[in-house]
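Student: only geometry, no sequence info:
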């Protein structure tokens with residue numbers, strides 16, 4: 001099935017208000033994989049034929065749903081009654097359904113490889129952080145020990161980046177799987193290294209200041225040691241003069 005336009009409310013065509021068409025082999029040259037759509041179950045959609053349509057019906061009936069009775073009826077005296085409860089047979093749902101493209105093509109795709117060391121430093125920045133000017137991403141570090149690929153792209157509404165990355169990496173998207181990949185990464189032994197490096201630079205700057213103070217104190221002590229105590233020198237000279245006078249008197 002392929003869709004050429006949005007839903008048009010009020011126009012019924014082949015079981016659906018949307019402009020859809022079931023493709024045949026002759027139509028293939030006129031469409032691409034990005035035109036293929038699939039229905040979300042409801043009363044206002046057209047289900048695909050063949051094996052795909054059969055799968056839809058099988059799955060819906062397994063959940064107790066009738067693909068041909070998805071619209072909620074109004075309560076009325078003539079409605080059929082449930083043999084067990086006596087209540088009118090009124091379904092508690094009314095699902096019109098919709099269509100989704102099977103594959104969406106990302107736009108404005110760009111990527112680059114960057115080097116880093118500390119896994120705690122963010123490699124990307126969210127749109128909110130960009131607006132607020134917070135949490136800037138790490139810059140490419142030529143001396144970094146590890147390589148990361150930074151990918152940017154735009155997607156349509158209700159299309160998820162995790163699915164796009166899954167197709168690129170061929171990895172599961174579950175939280176537990178990615179948590180395991182993170183914990184087993186070789187970069188984990190360098191976690192927090194950027195912060196430690198910054199703290200080390202601060203400590204080194206503080207040590208340099210203390211060393212300079214010590215040098216100044218040592219220099220002052222040395223100058224004090226080399227300069228004789230004036231008072232002591234005077235005392236020595238006075239004592240020497242008294243001794244000389246006593247010696248002359250005794251003579």
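Tutor: Structure's in. What do you need? Worth saying up front: this structure is predicted, and the values here are computed from it rather than measured.

Student: Secondary structure class of residue 26, three-state.
Tutor: Secondary structure for residue 26, judged by DSSP: H, G, I helix; E, B strand; the rest coil, is helix.

Student: Can you check what pLDDT the model gives it?
Tutor: Note on residue 26: pLDDT of 89.

Student: Counting neighbours, what do you get for it?
Tutor: 7 (other Cβ atoms under 10 Å). From N, CA and C alone the C-beta is placed, and that goes for glycine too.

Student: got a list of what it touches?
Tutor: With contact set as Cβ atoms under 8 Å, 6 or more residues apart in numbering, residue 26 has no partners.

Student: How is this protein divided into domains?
Tutor: The chain breaks down by automatic domain parsing into domains covering 2-101, 107-190, 193-250.

Student: Worst mean pLDDT among those?
Tutor: domain 193-250 - the lowest mean pLDDT of the domains of the chain, at a mean of 58.

Student: what ranges do the strands span in the chain?
Tutor: According to DSSP state E, the chain carries its strands in the segments 2-7, 18-21, 37-40, 98-101, 107-116, 146-154.

Student: Packing partners of the second one?
Tutor: Meaning strand 18-21. Applying 3 or more Cβ pairs under 8 Å, 6 or more residues apart in numbering; DSSP states H and E, we find strand 18-21 packed against strand 2-7.

Student: number of nearby residues for residue 65?
Tutor: Neighbours around residue 65, by other Cβ under 10 Å: 16.

Student: any idea how far it lies from residue 41?
Tutor: Per Cβ to Cβ, to the nearest Å, residue 65 is found 7 Å from residue 41.

Student: Residue 145 versus the residue nearest to residue 185 when sequence neighbours are not counted, what's the distance?
Tutor: Using Cβ to Cβ, 6 or more residues apart in numbering and skipping the chain neighbours, the partner closest in space to residue 185 is residue 119 (6.7 Å). Using Cβ to Cβ, residue 119 is found at 10 Å from residue 145.

Student: Can you give me the distance of residue 21 to residue 185?
Tutor: 48 Å.

Student: For those two, work out which one has more neighbours and name it.
Tutor: residue 21 (17 against 13).

Student: The more buried one is in contact with residue 27, isn't it?
Tutor: Yes - using Cβ atoms under 8 Å, residue 21 is in contact with residue 27, at 7.5 Å.

Student: Could I get the full set of helices for the chain?
Tutor: 50-62, 127-132, 161-169, 175-183, 193-226, 230-250 (DSSP state H).
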